[in-house]
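Chemist: The sequence isn't on hand, but the structure is:
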């Protein structure tokens, strides 16, 4: 409780200090958010085993953001608390700590701005540097997004250069991660964070995670494709439990009449490691925890590049086209050669209050019958997969993705009321493998994985409050069990999920 009280006091000091600055000069905007989401999970993310029961809970994100503008500087700080209702007792002890976190803390310094008369001369329309903890949100958030659907969302510690000139937008970012600034810490070895405090050993007992070791989520499992230890059904966005050591990207965008073209180049680098094992202290049945120890020089560098086009095809702007392709090369996180790609194509037609969309996404994977040691599985980097591959999050999230990649043909219909207070949408996804996978006998499984139906409604109760309800069904084929690493015949092939989300976002302006 003492820690939480200190956080509250700190927030109060920040607020009153900011208010005193506003009185001097500048503009302060304070934005709050309370977002609760009550969920019924009966096969979300992966098939539910027949022996398991459905889950029901409410999670909450509480956030306050301070945005201050003065002169040539913009500062933003965003504090958030994420938790599940009942996760803490009604009266917590000092040992419980708090889950208050810093989501954003950045400053944007203008170096040139033609619209600002305080600059005597500006060679470009706008040029600035943005430093600190920040979100990366680009295009349709396919590869770079803030993952806002998750209560904890996503942010990066980085420096970002922003350029606007004659209709062009060019951004360049640089990040370099480290664990500590301690005097006794040498070199630049980086052990990825977000590691569970406990793990199952080779005997199946739950033990404390050994210090400095990133456990293999599947024990001592070895990837049959590239001969490297792997996480369950990797890859997944944000590198699963292996955060990048360094990241750079270059983004460029230009609009030509009714068409916007964007190009992206991302380089992310992962620390090299050795395989290691630690014997547990269980006297009756000692086992081992197998994992990766990131104490090697150098990095495995992965590169992703591609283009995306968004265009309206008629004067009334009722027909729209989205098309893009991205190629991934270099080395994957384990050091294997990498050659993978993804593509997207979609057409949207709007008539009165309805919008109809048809599209196809393709994400390359590994062919189980190929003898190549090159990894062909595309990793969608740091985007928002919930938006693209079904709301039930079966693919490219924390529950992993099929080794054979993914083919996703979809159709969507959306209704919007005239006053825009109410919307409703129904999506259909036809999921199948992009490349062959094997069953336990070494035979190719059927490529069809399943069909998903997502129904979502959204109602604006007032200017600051929206209510969203969704219901989804996954009608999976038998191949889904193999794709998700589940023993055949042990799971229900039909999964359901429903949620009710209330989002309250007040905003206050001080001048």
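Modeler: In hand now; what should we look at? Given the structure is predicted, the values throughout are model-derived calculations rather than measurements.
Chemist: Which positions in stretch 60-71 come out as buried?
Modeler: For stretch 60-71, the buried set under the neighbour-count rule, 16 or more other C-beta atoms under 10 Å, comprises 60-69. For every residue, glycine as well, the C-beta is placed using N, CA and C.
Chemist: is it true that residue 64 touches residue 30?
Modeler: Yes: between residue 64 and residue 30 there is a contact at 6.9 Å, judged by C-beta atoms under 8 Å.
Chemist: Show me the buried residues of stretch 60-71 that map onto helices.
Modeler: Judged by DSSP state H, helices contain none of these.
Chemist: Out of these, list just those in strands.
Modeler: 60-69 (DSSP state E).
Chemist: Let me have these in CSV, adding distance to residue 318 as columns.
Modeler: Below are those laid out as CSV (distance: C-beta to C-beta, whole Å):
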residue, distance to residue 318
60, 39
61, 36
62, 40
63, 37
64, 40
65, 36
66, 41
67, 36
68, 41
69, 38
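Chemist: Out of the residues you listed, which comes closest to residue 362?
Modeler: Nearest to residue 362 among these, counting by C-beta to C-beta, is residue 61 at 33.1 Å.
Chemist: Run a quick check on that closest one versus residue 79, I expect a contact.
Modeler: No: at 11.2 Å, residue 61 does not count as touching residue 79 under the criterion of C-beta under 8 Å.
Chemist: what about the nearest residue to residue 135 once chain neighbours are set aside, neighbour count?
Modeler: Leaving aside its sequence neighbours, residue 135 sits nearest to residue 146 (C-beta to C-beta, 6 or more residues apart in numbering; 4.0 Å). When counting by other C-beta atoms under 10 Å, one arrives at 20 neighbours for residue 146.
Chemist: Verify the stated contact: residue 146 with residue 156.
Modeler: No: Residue 146 lies out of contact with residue 156 (C-beta under 8 Å); the separation is 9.7 Å.
Chemist: Quick check: neighbours shared by those two?
Modeler: 135-136 (C-beta atoms under 8 Å, 6 or more residues apart in numbering).
Chemist: And the residue nearest to residue 135, how far from residue 136?
Modeler: 7 Å (C-beta to C-beta, to the nearest Å).
Chemist: And for residue 190?
Modeler: Relative to residue 136, and taking C-beta to C-beta, residue 190 is found at 20 Å.
Chemist: Report the contact partners of residue 139.
Modeler: Per C-beta under 8 Å, 6+ apart, neighbours of residue 139: 253, 262, 264, 308, 310.
Chemist: who does residue 127 bridge with?
Modeler: residue 112, residue 163 (DSSP bridges).
Chemist: And the strands in the stretch 151-300 of the chain?
Modeler: 156-165, 168-176, 198-200, 206-208, 214-215, 246-256, 259-271, 274-279, 288-293, 299-312 (DSSP state E, counting those that start in this stretch).
Chemist: Quick check: which ranges of the chain have low pLDDT?
Modeler: 1-25, 89-99, 193-194, 217-242, 283, 510-511 (pLDDT under 70).
Chemist: for it, what spans make up the helices?
Modeler: For the chain, the helices defined by DSSP H occupy 2-24, 479-483.
Chemist: Now tell me what touches the last one from outside.
Modeler: Outside of helix 479-483, the residues within contact range by C-beta under 8 Å, 6+ apart are 47, 233, 394, 402-404, 433, 437-439, 445-450, 486-491, 493.
Chemist: sorry, back to before: for the ones in strands among the buried residues of stretch 60-71, which one is nearest residue 378?
Modeler: Using C-beta to C-beta, residue 61 is the member of those that sits closest to residue 378, with 30.0 Å.
Chemist: check contacts around the closest one.
Modeler: Counted by C-beta under 8 Å, 6+ apart, residue 61 has contacts 33-35, 80-82, 151-153.
Chemist: give me that answer again for 7 Å
Modeler: Residues near residue 61 by C-beta atoms under 7 Å, 6 or more residues apart in numbering: 33, 35, 80, 82, 151.
Chemist: Check residue 188 too.
Modeler: residue 178.
Chemist: and it, backbone torsions?
Modeler: Main-chain dihedrals, residue 188, degrees, to the nearest 10: phi -130, psi 30.
Chemist: quick one: it from residue 125, how far?
Modeler: Distance from residue 188 to residue 125, by C-beta to C-beta: 37 Å.
Chemist: circling back: ranking the strands of the stretch 151-300 of the chain by burial, who's on top?
Modeler: strand 214-215 (a mean of 24; mean count of other C-beta atoms under 10 Å).
Chemist: neighbouring contacts of it?
Modeler: With C-beta under 7 Å, 6+ apart as the contact definition, strand 214-215 has outside contacts at 191-192, 195, 199, 209, 241-242, 289, 291-292, 294.
Chemist: returning to what we had before: any idea how far the residue nearest to residue 135 is from residue 204?
Modeler: 38 Å.
Chemist: repeat for residue 155
Modeler: 36 Å.
Chemist: And residue 315, by the same measure?
Modeler: Taking C-beta to C-beta as the measure, residue 315 falls 65 Å from residue 204.
Chemist: now do residue 125
Modeler: 61 Å.
Chemist: higher neighbour count, those two?
Modeler: Ranked by neighbour count (other C-beta under 10 Å), residue 125 and residue 204 place residue 125 first, with 16 against 9.
Chemist: from what I can see the more buried one touches residue 167, true?
Modeler: No: using C-beta atoms under 7 Å as the test, residue 125 is too far from residue 167 to be in contact (8.9 Å).
Chemist: one step back: the residue nearest to residue 135 contacts residue 134, correct?
Modeler: No: judged on C-beta under 7 Å, residue 146 makes no contact with residue 134 at a distance of 9.4 Å.
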